Structures are given as structure tokens and as C-alpha cells.
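Peer 1: I'll drop the sequence and a predicted model, then ask my questions.
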Amino acid sequence: MHINKPIIGVIACTRSIEGEAAQTVKLRYLEGVSRHADAIPVLIASNQPRENAPSIVERLDAVLLTGSNSNIDPTHYGSPEPGQAPIDKERDLYSIALVQAAMAAGKPVFGICRGLQEINVAMGGTLTDLRAAGGNAARHHAPDGVSIDEMFGHAHEISLHRDTPLFAVTGADSLTVNSVHFQAIDRLGDNLKVNATSPDGVIEAISGINTRAPVFAVQWHPEWRPAERAHDLALWRYVGETTRHHAPARA
Ligand SMILES: N[C@@H](CCC(=O)NCCCC(=O)O)C(=O)O
């Protein structure tokens, strides 16, 4: 039976498995696409030539940049700060190439946590590390050594900006979201709009302005047990509906 579902490319990370480098995507990101966006996920290896990105994007209906425990190297946004380990060089380079290729091809781009940061950098913005002096890292990341349930249980409120896709999708003026990040947007990239902020001013969601296809990203993790929060399920429905709307008709 021919399944006419849209295909969303999901960027992979370089991780060590059984002592060898591997390209991996955590299942919860793939399940978000397949179960809650009703789309077909395919993995995009990030350890390949950047010149492949336009050919890859041409065959996809959208791109999803996932979260990852690795940090974006500050050299990608012109900062002299040292990069905070772990750094995933291949992912840094490929995520920027994929964003630029997808935007040139008019394909939707979605981001989660690190993915939001990558979109911002790819569009000329910068990041800051909340662990630096004056930062508020404790509000945005659980302490070291906690369980994964406790890590994703670390949460804070966000305020939504009206007249944004996030407000249109959720209908809420405020939400409580999980928080698992140390880097955050410092200078917003070009053609991006803030959709939500945390009480300490961290940008928590962004969307594209005048982009050929929607660009949308959140700093939290809607793929973490989305069935427990209506707003995260609504976000996955938005990913699927937006991708279907922009996908070419296929026989
Ligand atoms: N390392 C960056 C990005 C944060 C991020 O994506 N966290 C998710 C970790 C859990 C997972 O792998 O999904 C930062 O600290 O800002």
C-alpha cells in the first residue's frame, strides 16, 4: 500500500557506540515525527559533505534539527569564547548547511533545543552560555547527576507573544515547559521573530519572518512524553500539518 505521508529529515549526531563513532538520533525525536506529526522520519547523517545538503533537502518535505547534549562551537557565531564540551563538529557544520539549503528550497525547518540554537546561528544570530558570569543556568538545566526523569522534569514558565505561530497553535499566554540547556540565544538571527520568553528573558521559541516556508523552533523538548502535555501534542500536529501543506502533490 502506498503511504502518502510527508517525509521529514531528522539530523543525526556523532556519538560513540561500542567504542566506535556512530551517527544516531534518539528514538523520542523519531517517534514525535512518526506518532504525533503523522509523518515519515528519515535520518540525515551529519558526517557527510556539506555540498550534499541541497540534494538531500530536495528529496524531503521538511527538516527537523533535534536536541543534543553537545554544544555549538562559538566559532560558528564569531565568539572568542572557548567551546564547552561535548562539541559535535560534524553536526555544527551540517545543521547550518541544512538550514540554508532548506530555506533556499522553500522547505519547512523545525528545531528543538539545540536545533533552535542552530537555526539562530545559521540565520546570523549568536548564542550565550548561561553558565558564564551573570547567567542563570540553574533555571534552565537540572543539576548534574540527576536521573533523566529529573533532568526533563526541570521546568519553568514561559510567556508567549501574541501574533506568533506558537500562540496560534497553543492559544496560551503562558506555558510550563521542560528545560535542558546551557546555551541560549543572545542576538536573534535575521528574519526571525521571538514567540516566547522565560521570566529571566531567555528566548524560548522563534519563527521565521518572510521565509519561503515556515521556520519554527522551541528551546524545550516537546518530544519528551508529549502525551502528558496538550501544548506539546499541538506542536507536533503543527509540524505535521505544516509539512503536509507545503509538500508537493505526489501521485
Ligand atoms: N547542549 C546544548 C543544547 C541542549 C540540548 O539540546 N539539550 C538536549 C539534551 C538531551 C537530548 O539529547 O535530547 C545546550 O546545553 O544548550
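Peer 2: That came in fine, so what should we check first?

Peer 1: can you give me the strands for the stretch 51-200 of the chain?
Peer 2: Along the stretch 51-200 of the chain, counting by DSSP state E, counting those that start in this stretch, strands occupy 62-65, 109-112, 127-129, 155-160, 174-178, 183-185, 192-197.

Peer 1: quick one, which of the ones you listed is packed in tightest?
Peer 2: strand 62-65 (a mean of 29; mean count of other C-beta atoms under 10 Å). C-beta: built from backbone N, CA, C; applies to glycine.

Peer 1: per-residue pLDDT, the nearest residue to Asp38 once chain neighbours are set aside?
Peer 2: Among residues not flanking Asp38 along the chain, Gly240 sits closest, at 4.8 Å (C-beta to C-beta, 6 or more residues apart in numbering). Listed pLDDT for Gly240 reads 98.

Peer 1: swap in the one 3 residues further on?
Peer 2: Note on Thr243: pLDDT of 98.

Peer 1: That one touches Pro108, doesn't it?
Peer 2: Yes. The criterion here is C-beta atoms under 8 Å, and Thr243 meets it with Pro108 at 5.7 Å.

Peer 1: roughly how far is stretch 200-209 from the heart of the chain?
Peer 2: 12 Å (C-alpha atoms, centre = their mean, to the nearest Å).

Peer 1: does any part of that stretch sit near the ligand?
Peer 2: No. On the criterion C-beta under 6 Å from any ligand atom, stretch 200-209 is out of touch with the ligand, staying 10.5 Å away.

Peer 1: Flag every buried residue along that stretch.
Peer 2: Within stretch 200-209, the residues scored as buried using 16 or more other C-beta atoms under 10 Å are 202-208.

Peer 1: Any stretches of this structure with poor pLDDT?
Peer 2: Counting by pLDDT under 70, the ranges of the chain that qualify are 1-2, 251.

Peer 1: Show me which residues of it are close to the ligand?
Peer 2: Checking the chain against the ligand by C-beta under 6 Å from any ligand atom, the hits are 26, 67-71, 113-114, 180-183.

Peer 1: Next, format those as a markdown table and append distance to Pro214.
Peer 2: Compiled in a markdown table, the residues of the chain next to the ligand are given as follows (distance: C-beta to C-beta, whole Å):
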| residue | distance to Pro214 |
| --- | --- |
| Lys26 | 24 |
| Gly67 | 19 |
| Ser68 | 22 |
| Asn69 | 27 |
| Ser70 | 26 |
| Asn71 | 26 |
| Cys113 | 18 |
| Arg114 | 19 |
| Val180 | 24 |
| His181 | 22 |
| Phe182 | 27 |
| Gln183 | 23 |
